[in-house]
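Asks: The following comprises the amino acid sequence and a computationally predicted model.
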Amino acid sequence: MPNADRLLRYGVSGGLSALTHFGVGLAGTRVLPPVPASSAGFAASVVVSYLLQHSWVFRSGTGHRVAAPRFLAVTAAAFTLNAAVLWLGADVIGGPYPAVQAVALVLIPLLNYAINSRWTFTGVRPDPSPTAPTPSPSPPGD
């Protein structure tokens, strides 16, 4: 079971990512049509989310060459899940968009957290302890 502090950090990270998406998208509409502006906001939010989750939420020691592609794969899966939930709920079943989107907005963060905590950011940075012994330098000539 994840600790409450990490879940809180995950929630804050998600909120900052959403604000980034909205803020960059809104600012972008001054020079771009809405879809490209929102796309720029989405791209910026992915960067913010990745950096916060890697360094702060999961405190991962996994290198960026491994973690970043994994994070992008999880993000692509979440995007696909959102589309699938909306298609099934709104188009096939005929549910109202706000209710169907609300279902997706609950499922996706849960799925993202589960996958990112178990796969994307698995390597935890060691906690530098002042009591840990430091290796002695080798004598000259060894």
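Replies: Right, received. Where do you want to start?

Asks: in this structure, which helix has the most residues?
Replies: Ranked by residue count under DSSP state H, the longest helix found in the chain is helix 4-28.

Asks: immediately after it, which helix or strand?
Replies: The helix or strand immediately downstream of helix 4-28 is helix 34-52, counting by DSSP states H and E.

Asks: what about that following helix, distance to the chain center?
Replies: 11 Å (CA atoms, centre = their mean, to the nearest Å).

Asks: cool, and stretch 12-21?
Replies: Using CA atoms, centre = their mean, the offset of stretch 12-21 from its chain centre is 10 Å.

Asks: go on, stretch 33-49?
Replies: With CA atoms, centre = their mean as the basis, the mean position of stretch 33-49 lies at 14 Å from the chain mean.

Asks: Other residues contacting that stretch?
Replies: 13-14, 16-18, 20-29, 31-32, 72, 75 (CB atoms under 8 Å, 6 or more residues apart in numbering). Yep, even glycine has a C-beta here, placed from its N, CA and C like the rest.

Asks: same question, stretch 52-67
Replies: 6, 9-10, 13, 16-17, 50, 71, 116-117, 120-126.

Asks: Buried among the residues you listed? Need that as a selection in ChimeraX.
Replies: Remark: buried members of the contacts of stretch 52-67, expressed as a ChimeraX selection using 16 or more other CB atoms under 10 Å:
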select :9,10,13,17,50,71,116,117,120,121
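
Asks: just checking, what packs against the helix or strand of the chain with the lowest mean pLDDT?
Replies: Every helix and strand of the chain was ranked by mean pLDDT, DSSP states H and E. The lowest is helix 97-115, at a mean of 91. Applying 3 or more CB pairs under 8 Å, 6 or more residues apart in numbering; DSSP states H and E, one finds that helix 97-115 contacts helix 4-28, helix 64-86.

Asks: please redo it, this time with the cut-off set to 6 Å
Replies: Applying 3 or more CB pairs under 6 Å, 6 or more residues apart in numbering; DSSP states H and E, one finds that helix 97-115 contacts helix 64-86.

Asks: And the helix it packs on, what's buried?
Replies: 67-68, 70-71, 74-75, 78, 85-86.
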